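Peer 1: structure here, sequence nowhere to be found:
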Ligand SMILES: N[C@@H](CCC(=O)N[C@@H](CS)C(=O)NCC(=O)O)C(=O)O
């Protein structure tokens, strides 16, 4: 969906972030809420040859994989009025043009609110995306992240800031995939430092 199609007739829109958006939205928004979406799991299975990697050594960033038994926690940002067009144009470049993500509408459940879910826009990279890398062991993913860097920064920062967000804002969530990759990446960093 093009940005103009997404905002057609809307005066406000919720945008759900589950990767770098949770700690670096970098767009204007009215308010944000921690919460979750159902039917998806977050996996470091998407490649990144721009922000956190390059063509020779792509970084690993997160995407969402459909799984009816899973939920993914993150942050939803409400953009309204004049923020709408500007935010979506920015995200279209950052997420779709540079990152290969496509857009989808999902139900977002704000934490602690016994309210019906709200519709939210989410950026997902599917397996038919040329940058998609797919499953690997935590050790393989951790090692790749420990050695990748792109135009926006090191892939390790991307991983550690997401882990920090989950510990701080979603302490009740045990995200084994995320934390096992974090442990593997930090172990690899210690080996690389010891080898110097
Ligand atoms: N769509 C996910 C993932 C977003 C994401 O990590 N996108 C990458 C593009 S490959 C990005 O914005 N990277 C910026 C950065 O690494 O600082 C989210 O909602 O957070």
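Peer 2: Done, it's in. Because the structure is a prediction, the values reported are computed rather than measured. Numbers count the residues shown, from 1 in each chain.

Peer 1: contacts only, for the nearest residue to residue 102 once chain neighbours are set aside.
Peer 2: With sequence-adjacent residues excluded and distances taken as CB to CB, 6 or more residues apart in numbering, residue 102 is closest to residue 124, at 6.1 Å. C-beta: built from backbone N, CA, C; applies to glycine. Residue 124 sits next to 40, 63, 64, 101, 102, 103, 104 when contact means CB atoms under 8 Å, 6 or more residues apart in numbering.

Peer 1: report the buried residues of the one helix or strand residue 33 maps to.
Peer 2: If you go by DSSP states H and E, residue 33 is part of strand 31-48. For strand 31-48, the neighbour count (16 or more other CB atoms under 10 Å) marks 32-37, 40-48 as buried.

Peer 1: what subset of those is also close to the ligand?
Peer 2: Filtering the buried residues of strand 31-48 for neighbours of the ligand using CB under 6 Å from any ligand atom leaves residue 48.

Peer 1: nearest to the ligand among the buried residues of strand 31-48?
Peer 2: residue 48 (4.2 Å; CB to the nearest ligand atom).

Peer 1: buried residues of stretch 80-95, list them for me.
Peer 2: In terms of neighbour count (16+ other CB under 10 Å), stretch 80-95 has its buried residues at 80, 83, 84, 87, 88, 91, 92, 94, 95.

Peer 1: contact partners of the lengthiest helix in the chain?
Peer 2: Taking DSSP state H as the criterion, the chain has its longest helix at helix 176-195. Helix 176-195 has contacts (CB under 8 Å, 6+ apart) with 41-44, 138-139, 141-143, 145-147, 156, 159-160, 162-163, 166.

Peer 1: now these: which count as buried?
Peer 2: Of those, these count as buried by 16+ other CB under 10 Å: 41-44, 138, 141-143, 145-147, 156, 159-160, 162-163, 166.

Peer 1: in this structure, where is pLDDT below threshold?
Peer 2: Confidence mapping of the chain against pLDDT under 70 gives the ranges 1-4, 6.

Peer 1: now do the lengthiest strand in it: distance to the chain's middle.
Peer 2: For the chain, the longest strand by residue count, based on DSSP state E, is strand 59-80. How far strand 59-80 lies from its chain's middle: 6 Å, per CA atoms, centre = their mean, to the nearest Å.

Peer 1: ditto for stretch 127-142
Peer 2: The answer for stretch 127-142 is 14 Å, by CA atoms, centre = their mean.
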